[in-house]
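1. fold the following.
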Amino acid sequence: MRNVWGRRGHALVDYVTAPALYLLARRTALSRRPRGWADTFVLLILLAVTTTRTPLGVVRLVPFRWHGRLELASVGVQLALPWLAGFAAERRARQFFLGFAVYNFLVWRATDWSADR
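-> Sure thing, here's the model as predicted:
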């Protein structure tokens, strides 16, 4: 897979992902605990995108490459979360987070993390 977007494109994807994740967590009728974790990721995505050095960042503190490293680490957390947080037996919640991890990895992979400012 080649890099599809740079700083601006990735920021746009993050700004779309946060509300989409919020709505999808409700649409799939996640139980309380997994929905709470989904909401946590919504907030983390918004925190990350608004504080990263991109054209769409609000307070540009976090270097773009660090954002990428943190995003890749979050993929690992999303993959393990159903078991770590004790809701792996809930098929819908488990698939939700595994799907979210795959989506997040594809977004990470499609981003040119060395893109110029």
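2. all contacts plus neighbour counts: C-alpha atoms, from now on.
-> OK.
3. distance of Arg65 from Asp39?
-> 24 Å (C-alpha to C-alpha, to the nearest Å).
4. compare the two and say which is more crowded by neighbours.
-> Using other C-alpha atoms under 10 Å, the more surrounded residue of Arg65 and Asp39 is Asp39, with 19 against 16.
5. wait, the more buried one sits on Tyr22?
-> Yes - with contact defined as C-alpha atoms under 8 Å, Asp39 counts as touching Tyr22 (6.2 Å).
6. and the residue nearest to Val4 when sequence neighbours are not counted, what does it touch?
-> Sequence neighbours aside, Ala110 is the residue nearest to Val4 in space, at 5.1 Å (criterion: C-alpha to C-alpha, 6 or more residues apart in numbering). Taking C-alpha atoms under 8 Å, 6 or more residues apart in numbering, we find Ala110 in contact with Met1, Arg2, Asn3, Val4, Trp5.
7. JSON lines for those, including neighbour count?
-> Formatted as JSON lines, the contacts of Ala110 follow (neighbours: other C-alpha atoms under 10 Å):
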{"residue": "Met1", "neighbour count": "7"}
{"residue": "Arg2", "neighbour count": "8"}
{"residue": "Asn3", "neighbour count": "13"}
{"residue": "Val4", "neighbour count": "12"}
{"residue": "Trp5", "neighbour count": "18"}
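8. now the residue of the chain most remote from its centre: how far from Ser74?
-> Computed with C-alpha atoms, centre = their mean, the maximum C-alpha offset from the centroid of the chain is found at Ala89, amounting to 22.8 Å. Distance from Ala89 to Ser74, counting by C-alpha to C-alpha: 21 Å.
9. likewise Glu90?
-> 21 Å.
10. related to what we said a few turns ago, helix, strand, or coil at the residue farthest from the centre of the chain?
-> Recorded secondary structure, Ala89: coil (DSSP: H, G, I helix; E, B strand; the rest coil).
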